[in-house]
Each structure stands twice: as structure tokens, then as C-alpha cells.
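Chemist: no sequence on this one, just coordinates:
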Ligand code: APR
């Protein structure tokens, strides 16, 4: 990575005077041991049929199998994952008043664990359950233990409907409040940092586009090409955990 790239991004954050948003995808968590989806080692790349099993229809048709898949694919990895230097760098930039929010497609809670305060989760969170009928929500741990004993999808204690992990399955709408807040941020930010996303899933992928249309400066930190590369002011083909700490370090050491 060039020190020029670090300096350009750092100065852009200073010039944004706090109106900067980080938009993150699975790529920011690969160095925490959570595979992404579309890289050569990605979840969908290695098991194309997996997407179908992570759909709302599949959950409704076979809640037990759907729970088994969720626990194997997400819960068992995420419960032990720890934030990496990229997550910590974003939390530090927020604490310095240079990032106003992280909008994430990730369900792994690593931004929260790293100390980020203003995090918008567009695709839900792995560590809670929700009831589609009465909207009951609770920490998922005891329901995972129950499933491991019975192999049956847990039932809602309030209305008896099958409980699901509080993640957005394919075919399920994104949470309205989170999506609306994310678009408000995208429309008003001066800088958007895209980190670790292939930008192929909608409506989340509309956010960087919206920021661009409103005149924001776009920077992409991603190991592989994305369809917005040509519109970005800079595309950094570096690991997020290497580039972002350099930006945070540059800003905390210089008096700019
Ligand atoms: N540093 C920077 N970029 C990385 C790193 C890293 N350490 N590791 C992987 N990447 C890049 C990959 O090159 C890839 O382009 O991160 C990107 C991750 O893209 P995807 O796997 O498509 O993940 P994402 O964009 O988050 O997917 C969006 O798709 O399946 C749904 O709900 C799922 O939220 C997910 C959504």
C-alpha cells in the first residue's frame, strides 16, 4: 500500500468534518476467521446451494433443517470470532469524531465488539432470535442449546410460532428503520468508505451509489474489483486490517 493512499484517505476524513460513513461487508471479517461469500473461499463459492437453504422460504418449509444450517454455518463461527485490526481502526476513527457511523451488511457483531457505537446492521444479527408472527426477540444462546438437545426449531414463548435467528434471510425484507437511517446517512455524508464488499446485493449496494450521486467522495478498500471501482476516487487493493490501521495511525500521530 502506498503512503499516498493512506494520506489521501486520512485527509478526506479530516475534510469531511465527521460526515464520513464506513460501509462494510464480509471482507472486513475474513481475518477474524469468518469466510466471506463470493471470494474463491467464499461460502457461496464453495457451496452454491447454500443460498437456497438460507432463504425465508426454506426456513418456513423446514425450520429444523434451517436451524441446523444456521448453527453450522454462522453461529458456531461467530460465537468465537474476535474483531480484527480493521474493526478496531473503525472504532478508533469514530472515537476521533472522523466516522459518524458504520453501516454493515455483516451479522457477526464484530463492530460492536471492537467498540464502534453507531452501527447500523442491515442484515440483522446472529446472536438473537425473532418471531416472525409477534416480533418477540431475545438472546439466542438458550435457544441454540435447546436446538442442540432436541433438533427441533425453538418455538416462540409468546405465540408458539417457530422462532428464527434474527438475520435477514434471502426473500426477507431488510429492517425498515435501519435501511431508512442508512440512506439518510448515505445522502448526507461527504465521504463513504466501502470496506470488504463485492457490492452485488441490493438494496444495501445502493448506498454507496446514493452517496456518490449526492457528491460524496468514494473510497473502496477491497481485495477484488467491484462495479463502482471506476467511480471511486481511490481503490485500495489491500487487506482492510492492514490499510485501516495505517489511516488511524496517520491521523492520531499527525496534527492535521
Ligand atoms: N480486506 C479487504 N477486502 C476483502 C478481504 C480483506 N481482508 N477479504 C475479502 N475481501 C473482499 C473480497 O474480495 C470480496 O470482494 O471482500 C468482498 C466480500 O464480498 P462478498 O463475499 O460478496 O460479501 P458481501 O459484499 O458482504 O455480501 C453481501 O451477500 O450473501 C449476502 O447477506 C450476505 O451480507 C451478505 C451480502
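Modeler: Alright, I've got the coordinates. Not measured: the values here are computed from a predicted model.
Chemist: Now do the SS call for the closest residue to residue 229 other than its chain neighbours.
Modeler: Spatial nearest neighbour of residue 229, excluding adjacent residues (Cβ to Cβ, 6 or more residues apart in numbering): residue 235 at 4.8 Å. Heads up, the C-betas are built off the backbone N, CA and C, glycines and all. Per DSSP: H, G, I helix; E, B strand; the rest coil, the secondary structure class of residue 235 is strand.
Chemist: partner residues bridging residue 235?
Modeler: Beta-bridge partners of residue 235, counted by DSSP bridges, are residue 220.
Chemist: wait, it sits on residue 224?
Modeler: No: with contact defined as Cβ atoms under 8 Å, residue 235 and residue 224 do not form a contacting pair (10.3 Å).
Chemist: Can you get me a residue count around residue 145?
Modeler: 11 (other Cβ atoms under 10 Å).
Chemist: Look up which helix or strand it falls in, please.
Modeler: Using DSSP states H and E, residue 145 sits within helix 141-150.
Chemist: what does residue 39 give?
Modeler: Using DSSP H and E, residue 39 falls within no helix or strand.
Chemist: if I look at it, how far off is the ligand?
Modeler: Per Cβ to the nearest ligand atom, to the nearest Å, residue 39 is found 5 Å from the ligand.
Chemist: now swap in residue 228 and tell me
Modeler: Taken as Cβ to the nearest ligand atom, the span from residue 228 to the ligand is 12 Å.
Chemist: How about residue 238?
Modeler: In terms of Cβ to the nearest ligand atom, residue 238 sits 7 Å off from the ligand.
Chemist: Contact residues of the protein facing the ligand?
Modeler: Applying Cβ under 6 Å from any ligand atom, we find that the chain lies next to the ligand at 25-27, 30-31, 36-39, 42, 105, 123, 196-198, 200-201, 221-224, 239-240.
Chemist: pLDDT wise, what is whichever residue of the chain sits closest to the ligand at?
Modeler: In the chain, the residue that lies nearest the ligand is residue 27 (2.2 Å; Cβ to the nearest ligand atom). Per-residue confidence (pLDDT) for residue 27: 98.
Chemist: check contacts around the nearest residue to it once chain neighbours are set aside.
Modeler: Nearest residue to residue 27, sequence neighbours excluded (Cβ to Cβ, 6+ apart): residue 196, at 2.3 Å. Contacts for residue 196 were tallied using Cβ atoms under 8 Å, 6 or more residues apart in numbering; they are 24-30, 36, 86, 221-223, 240.
Chemist: Check residue 196 and give its pLDDT.
Modeler: For residue 196, the pLDDT comes out at 98.
Chemist: so what pLDDT did residue 246 get?
Modeler: Looking at residue 246, its pLDDT stands at 97.
Chemist: Which strands and helices lie in contact with whichever strand or helix holds it?
Modeler: Using DSSP H and E, residue 246 sits in helix 240-253. Applying 3 or more Cβ pairs under 8 Å, 6 or more residues apart in numbering; DSSP states H and E, we find helix 240-253 packed against helix 3-15, helix 85-95, strand 217-221.
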